[in-house]
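Participant: sharing a model prediction with you, sequence too.
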Amino acid sequence: MSFDLIADILTGIFLLLGAFLSLAAGVGLIRFPDAIARMHATTKPQILGLIFILAGIALQERRLSTILVLIALLAFQMMTAPISAHMIGRAGYRNDVIAPGSLLVDELKQSIEQVQQELGEAENEAENENKNESADGTPH
Amino acid sequence: MSDWVFVVVGLTLTAAAAMALFRIIRGPSILDRMIASDMLLTTMICALGAEMIYNSHTRSLAAMFVLAGTAFLGSVVVARYVSRNGRL
């Protein structure tokens, strides 16, 4: 068994795994009930599926220049995929796209309520100060 | 490498892209459409890689690189717009 044959077999397995992850994401995209669950399904080929495909390319083109480009590509994908997922999840939360009751733990709700409470207290204090100033400042 | 691997991979990626397209058309909110278009872009990156392996060249690496680097811009812009506008 030569190294080329082993590399070919591994490349085929990696390609099939990457394509299977893409198919799984497509099925999840169709069958899952709300936006957040669909996003969960589509993140699988974004990183792991791409890693499989890139490993296949690296096994076929065994040169340093190609492999460096592949590493940079994977780094870009790993940096940018969470950004879009974060922004879409945030927009979905604020626009009530999430199915009610599907969140077992909702830490964002607690933070938002806390911030709103602090903002309300700050506004009340500001109003009280204004009233005091006007009461003191008005000539009798 | 035997050809049936590439036939299976091509059919699978085509099915995944068709499912993403279905969700883009049917999606109830614009966020579902953006998630599906992200997934369509990922499928395209995977398909470019599979095609490079089949024809044993590296000419599509630049396209894959640019797609992976700029894929997030569209969904970030749409998510910002939706957050500010408050409508879907």
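Facilitator: Received, thanks.
Participant: how many residues are close by the residue of chain A found nearest chain B?
Facilitator: For chain A, the residue closest to chain B is A:Gly26, as judged by C-beta to the nearest C-beta, at 3.2 Å. Backbone N, C-alpha and C define where each C-beta goes, glycine included. Here the number of neighbours of A:Gly26 (other C-beta atoms under 10 Å in any protein chain shown) works out to 29.
Participant: let me see the ranges of the helices in the chain.
Facilitator: Answering for chain A, as no chain was given. A:3-31, A:35-44, A:50-60, A:64-94, A:107-137 (DSSP state H).
Participant: think we crossed wires, I meant chain B
Facilitator: Counting by DSSP H, the segments of chain B that form helices are B:3-26, B:30-55, B:61-85.
Participant: what's around the closest residue to A:Leu17 other than its chain neighbours, how many residues?
Facilitator: Leaving aside its chain neighbours, A:Leu17 sits nearest to A:Phe52 (4.8 Å; criterion: C-beta to C-beta, 6 or more residues apart in numbering or on different chains). Using other C-beta under 10 Å, A:Phe52 is surrounded by 22 other residues.
Participant: with A:Val97 instead?
Facilitator: Quick note: A:Val97 (other C-beta under 10 Å) scores 21 neighbours.
Participant: still on that earlier bit, out of the helices of chain A, indicate the one that is most buried.
Facilitator: Looking across those with neighbours counted as mean count of other C-beta atoms under 10 Å in any protein chain shown, the highest average goes to helix A:50-60: a mean of 23.
Participant: contacts for that helix, please.
Facilitator: Contacts to helix A:50-60, defined as C-beta atoms under 8 Å, 6 or more residues apart in numbering or on different chains, come from residues A:7, A:10-11, A:14-15, A:17-18, A:21, A:66-67, A:70, A:73-74, A:77, B:42, B:45-46, B:49-50, B:52-53, B:56, B:58, B:68.
Participant: how about stretch A:19-31?
Facilitator: When contacts are taken as C-beta under 8 Å, 6+ apart, the neighbours of stretch A:19-31 outside the stretch itself are A:37-38, A:40-42, A:44-45, A:48-49, A:52, B:8-9, B:12-13, B:15-20, B:22-23, B:35-36, B:39, B:42-43, B:46, B:50.
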